[in-house]
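K.L.:
From the sequence below, what's the structure:
(chains A and B)
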2 protein chains.
Amino acid sequence: MRDELNKTTSSEAIFVKMVLLAWQAQNTRVNKLLESLSDEELLKETAPGRNTGIYLLGHLVATNDSLFKLLDLGERLHPELDIIFVESPDKSGMAMHSADELKRYWEEVNTKLTDYFNNMQPSEWFKRHTAVSKEDFIKEPYRNKLNVLITRTTHQSYHLGQLIYLKKNKEVVL
Amino acid sequence: MRDELNKTTSSEAIFVKMVLLAWQAQNTRVNKLLESLSDEELLKETAPGRNTGIYLLGHLVATNDSLFKLLDLGERLHPELDIIFVESPDKSGMAMHSADELKRYWEEVNTKLTDYFNNMQPSEWFKRHTAVSKEDFIKEPYRNKLNVLITRTTHQSYHLGQLIYLKKNKEVVL
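P.N.:
Residues are numbered from 1 along each chain as shown, chains lettered A, B, ... in the order given. This is a model prediction of the structure:
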């Protein structure tokens, strides 16, 4: 029985590691892109008439910041971002934060999330997230905390594909 | 012991379901986008000077097609795509397949992969993929078949973020 218990724990730990690696890989890619762009470049549209880099950065910070609540880790650091970067489209006329401010928030949110993640037991990730009811979770046990991180990782990758168009060198295929 | 065995099997089944759902969600999004675009639109650049829609479609078909080998499922259906859509950049001067042909391949590859996936035991996904050595896999057990599907899902989402720019309606935030 102990062997099987270890096997379960070890499968869970491996799976959590896979998802955390994927999330961190996306964050690292965004970090590298941000380091390579000037503030002026970040303010530009990713393609003619499309979202600006700074709007997408605010959108990604808000998305990661929302994880504190969704994963039941505590209060959000910057809930004020939602009205500008999630509930409103780009060029809404609302005052936006500066590039420096958003970059600082991005770093701060991800560092704090990483600290929490490093201290979470693998089994904790398989519990339900705060946006799914107990009843639904019984029927759909894959709607757990780890699944939230998977969907946020693909969401971030989607926008990274757009943000990369701010770079001057062309034809980037990842 | 049987309970713990069931628990392992059930945890593994849940992980696999989470990843398969994420992969299928990306495929569905690409399908919907393809349905909404004319062939003429698909031939356009996703942004000025960037990859065309048809190149990215070929690139995504080739990427999914490579899963047959990586996951040890059998022969690839279209290995001939690599030279044009993976090893060469867009506008290489090489003759490209038609939009209709690539859409047919996309459907064919994903249908066959889905058939295989539906018949795979959850535990099979936690075995090593064909591009990692036995020695490395002992040290890094997360380099398994399921992990390949996670990285391919984020890769697909990255390019979907670019393909969506082919649509005429603007400001798409996913």
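K.L.:
Name the residue closest to the centre of chain A, please.
P.N.:
Residue closest to the average C-alpha location in chain A (Cα atoms, centre = their mean): A:Asn64, at 3.8 Å.
K.L.:
Distance of that residue relative to chain B?
P.N.:
From A:Asn64 across to chain B, the span is 15 Å (Cβ to the nearest Cβ, to the nearest Å). Backbone N, C-alpha and C define where each C-beta goes, glycine included.
K.L.:
and that residue, that's in a helix?
P.N.:
Yes - read with DSSP: H, G, I helix; E, B strand; the rest coil, A:Asn64 is one of the residues of a helix.
K.L.:
Touching, A:Ile14 and B:Phe126? I think so.
P.N.:
Yes - counting by Cβ atoms under 8 Å, A:Ile14 does reach B:Phe126; the two are 7.1 Å apart.
K.L.:
any shared contact partners between these two?
P.N.:
Counting by Cβ atoms under 8 Å, 6 or more residues apart in numbering or on different chains, the shared contacts of A:Ile14 and B:Phe126 are B:Pro141, B:Asn144.
K.L.:
Now for the residue lying closest to A:Lys167 once chain neighbours are set aside, how many residues are close by?
P.N.:
Of all residues not flanking A:Lys167 in the chain, A:Ser36 sits nearest, at 6.7 Å (Cβ to Cβ, 6 or more residues apart in numbering or on different chains). Neighbours of A:Ser36 under the rule other Cβ atoms under 10 Å in any protein chain shown: 13.
K.L.:
Model confidence score at A:Ser36, please.
P.N.:
For A:Ser36, the pLDDT comes out at 95.
K.L.:
List the residue ranges of chain A that fall below the pLDDT cut-off.
P.N.:
A:1-9, A:170-174 (pLDDT under 70).
K.L.:
for it, longest helix please?
P.N.:
helix A:2-36 (DSSP state H).
K.L.:
list the helices and strands that one packs on?
P.N.:
Helix A:2-36 makes packing contacts with helix A:99-119, helix A:145-163, helix B:2-36, helix B:145-163 when contacts are defined by 3 or more Cβ pairs under 8 Å, 6 or more residues apart in numbering or on different chains; DSSP states H and E.
K.L.:
Let's see that with 10 Å instead.
P.N.:
helix A:53-65, helix A:99-119, helix A:145-163, helix B:2-36, helix B:145-163 (3 or more Cβ pairs under 10 Å, 6 or more residues apart in numbering or on different chains; DSSP states H and E).
K.L.:
With distance to B:Thr46 added, can I get the ones you listed in TSV?
P.N.:
TSV is the format used below for those (distance: least, Cβ to Cβ, whole Å):
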stretch	distance to B:Thr46
helix A:53-65	15
helix A:99-119	25
helix A:145-163	9
helix B:2-36	11
helix B:145-163	5
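K.L.:
so which of the ones you listed gets nearest A:Ile138?
P.N.:
helix B:2-36 (12.8 Å; Cβ to Cβ).
K.L.:
isn't A:Ala13 right next to A:Phe126, touching?
P.N.:
No - A:Ala13 is beyond contact range of A:Phe126, at 11.3 Å (criterion: Cβ atoms under 10 Å).
K.L.:
about what we covered before: mind checking the helices and strands packed on helix A:2-36 for the one nearest to B:Gly74?
P.N.:
Per Cβ to Cβ, nearest to B:Gly74 of those: helix B:145-163, 13.8 Å.
K.L.:
picking that back up, buried residues in the longest helix of chain A?
P.N.:
Under the neighbour-count criterion of 16 or more other Cβ atoms under 10 Å in any protein chain shown, helix A:2-36 has A:4, A:7-8, A:11-16, A:18-23, A:26-27, A:29-30, A:33-34 buried.
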